[in-house]
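**Student:** Generate a structure from the sequence data that follows.
(chains A and B)
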Amino acid sequence: MSELTYIQAIRMAMEEELQRDDNVFIVGEDVGTKGGVFKATEGLYDMYGEDRVIDAPLAESAIVGVGIGAAMYGMRPIAEIQFADFIFPAVNQIVSEAAKIRYRSNNDWNCPITIRAPYGGGIAGALYHSQSVEAMFNSHPGLKVVIPSSPYDAKGLLKAAIRDNDPVLFFEHKRAYRLLKEEVPEEDYLIPIGKADIKREGTDVTVITYGLSVHQAKQAATELEKEGIDVHILDLRTVYPLDQEAIIEAASKTGKVLLVTEDNKEGSVIGEVAAIIAEHCLFELDAPVRRLAAPEIPAMPYAHPLEKEFLITEEKIAASLRELARF
Amino acid sequence: MGENKHSSLGLRDKDVVEMYKTMILARKIDERMWLLNRAGKIPFVISCQGQEAAQVGTAFALDRDVDYIAPYYRDMGIVLAFGMTTKDLMLSGFAKAEDPNSGGRQMPGHFGQKKNRIITGSSPVTTQVPHAVGFALAAKLKQQNFVTLTTLGDGSTNQGDFHEGLNFAGVHKLPVITVVQNNQLAISVPFEKQIASENIAVRAKSYGMPGILVDGNNPLEVYRAVKEARERAINGEGPTLIEALTVRLTAHSSDDNDRSYRTKEQLEEAKKNDCIGSFSAYLQDIGLLTPSLEKEINDEINAEVNEATDYAEQAAFAPNSTLLDYVYEK
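**Tutor:** Numbers count the residues shown, from 1 in each chain, chains lettered A, B, ... in the order given. Okay, here's the model as predicted:
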């Protein structure tokens, strides 16, 4: 056991899977000799060679599409999209192909690809290096969309994604890469995809969120504890398909629910969470469901004050929870 | 007696007769599907008619025991040569549960059959090109001795996936063959409004691979080009782009009327180049296709198509309870 950052845990998961299964390979821009623009694949090129850590031409649809072909053959590709903002040229391959291969072939073919991409803001990335793109993929049955909130989860979820027999999109919050650190076991472990996780038990108000916002919600909860407000936190971990049972249970537990996302509010993942709660928890609720999300602008600006104004913070979560607790 | 043009390619007499039979079979299944569509029995047809020579010449040049194919929607001739049966295709036409392509989930022409190494395809065009390159990458990584061949139409060569896929294959020198069946019409838009280069084969130069232009109405010429491309691929010399010039003898699909963009006279002209007529003439010239053999082939195929039609029409649809199956692994 050693203390690892979020990105070191991701790197460790890939190293272990490359070692364990020779069908696993990595393909993406700058993943080879450079070790990735964020260093997620650092050293893997030297360890496993250019055939298993492939520097691809700068062309996202090919990175994903070639990966899909190899996956259908029986390989376990990990395709890296350098920034989630640049995944759009590959959407046809992800949505029309990967998501539908098992269904359209009546289970004759399947597509065990993992597509990793850093998302999220707070690193002066401006409009095109900061976006949350998960909502684009959260209405496509056949896909799984995973967003880890901690180093421990990142390792176990990524290993599960690589071994999954269906396509998994794995979004990593880029500010979490070096911000979050915790003890991560060196041994092999998997965290099941499709299951949400209670990150904090509480009795007064419930936060349901995912990714870096889980960390911010935990900080807010520590603050509110001093004020006598006991916060329950559910980490979705998989944002598609959603763990309905866990959502209903977490919402029902306190009857007061705050949903948080760094994405724009309209059409976001938490809108679907709100719908699940509306359908199932009417008589358990003690307050209207609240959503804390980014404003409806195209994406966050470069200038630091404007970026900060856009982003979710511990303070914004705490303020929303105070109001909700008083309702 | 005409000149034998197939022996020098390594094709035996029985091979060319088999090629001819496969072309006729594809044509007759296709014609039957149109009748069924016009009779209101099946909702949709998309045709191989006119392109059988390019398809069968392509398929016969591969090793049909090990190679993979990522076909496009007109490739009935290729999938038949790769082991899909008349019954399978009719089941697909009628969208019945036993359809091996999709269990009736996809429209006809969306081929896929793992046991015959036919890679499942979709409707957005050209997505299969990167897939074929991915299979070829797997062959290289796993040191397996097979090639992967993908096909597409002329219009599809304008898609980003064509460029991205071929460039990836060229950079990594992968054992993949791309055959463009250029029927010179992308639904209604003619070649000169689709493609700025003099032909499609020249595009290969920018991907660092040979580009071969071939008469797609002549199955032997297509066979030769694909055979040579396969040898290069297996020898580690990388990918090839082949452009086979063909004609499309039907409308784009059963939902299209080609009179709005092609005159009756133009179609009549195209029919003069019907590859089945010219290959039949060749086989007759060299004495391989006698009137009695031709009759035997036609009778056999007619019976096969009739039987498959009856079987597929009477076969069951997948039960409604299966609608939710196979979104994810069970």
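**Student:** switch to C-alpha atoms for all contacts and neighbour counts from now on
**Tutor:** Fine.
**Student:** Could you list the contact residues of chain B toward chain A?
**Tutor:** With CA under 8 Å from any CA of the partner chain as the criterion, chain B comes near chain A at residues B:100-103, B:105-106, B:112-114, B:120, B:122, B:124, B:127, B:130-138, B:141, B:161, B:164-165, B:167-168, B:325-329.
**Student:** Show the buried residues in those.
**Tutor:** Judged by neighbour count, with 16 or more other CA atoms under 10 Å in any protein chain shown as the criterion, the buried members of the residues of chain B next to chain A are B:100-103, B:105-106, B:112-114, B:120, B:122, B:127, B:130-138, B:141, B:161, B:164-165, B:167-168, B:326-328.
**Student:** which residues touch residue 246?
**Tutor:** Going with chain A. For A:Ala246, the contacting residues are A:Lys195, A:Ala196, A:Asp197, by CA atoms under 8 Å, 6 or more residues apart in numbering or on different chains.
**Student:** Sorry, I should have been clearer: chain B.
**Tutor:** B:Thr246 sits in contact with B:Gly50, B:Gln51, B:Ala54, B:Gln181, B:Asn182, B:Asn183, B:Gln184, B:Asp215, B:Gly216, B:Asn217, where contact means CA under 8 Å, 6+ apart.
**Student:** run the last query once more with 10 Å
**Tutor:** B:Thr246 sits next to B:50-54, B:180-185, B:214-218, B:270, B:273-275 when contact means CA atoms under 10 Å, 6 or more residues apart in numbering or on different chains.
**Student:** Just the ones of these in strands?
**Tutor:** With strands taken from DSSP state E, the overlap with the contacts of B:Thr246 comprises B:Val180, B:Gln181, B:Asn182, B:Leu185, B:Val214, B:Asp215.
**Student:** shouldn't the last one be in contact with B:Ala53?
**Tutor:** Yes - between B:Asp215 and B:Ala53 there is a contact at 9.5 Å, judged by CA atoms under 10 Å.
**Student:** any shared contact partners between these two?
**Tutor:** In terms of CA under 10 Å, 6+ apart, B:Asp215 and B:Ala53 are both contacted by the residues B:Glu221, B:Val222, B:Ala244, B:Thr246.
**Student:** Now do the strands in the chain.
**Tutor:** You didn't pick a chain, so chain A it is. Counting by DSSP E, one finds strands in chain A at the ranges A:2-5, A:24-28, A:53-55, A:76-80, A:114-119, A:144-146, A:168-173, A:181-184, A:197-200, A:205-209, A:231-235, A:238-240, A:257-264, A:290-294.
**Student:** Hmm, no, I was thinking of chain B.
**Tutor:** Taking DSSP E as the criterion, chain B contains strands spanning B:68-70, B:148-153, B:176-182, B:185-186, B:189-190, B:211-215, B:240-245.
**Student:** want to throw those into TSV with mean neighbour count and mean pLDDT?
**Tutor:** Converted to TSV, the strands of chain B look like this (neighbours: other CA atoms under 10 Å in any protein chain shown; pLDDT from 0 to 100):
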stretch	mean neighbour count	mean pLDDT
strand B:68-70	28	98
strand B:148-153	26	98
strand B:176-182	28	98
strand B:185-186	19	94
strand B:189-190	14	94
strand B:211-215	20	98
strand B:240-245	28	98
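**Student:** Serialize these to a markdown table and add fields for distance to A:Val184.
**Tutor:** Formatted as a markdown table, these follow (distance: least, CA to CA, whole Å):
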| stretch | distance to A:Val184 |
| --- | --- |
| strand B:68-70 | 42 |
| strand B:148-153 | 42 |
| strand B:176-182 | 43 |
| strand B:185-186 | 56 |
| strand B:189-190 | 59 |
| strand B:211-215 | 53 |
| strand B:240-245 | 48 |
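**Student:** who wins for proximity to B:Ala303 among the ones you listed?
**Tutor:** Between B:Ala303 and the strands of chain B, the shortest gap by CA to CA is with strand B:68-70, which sits at 28.4 Å.
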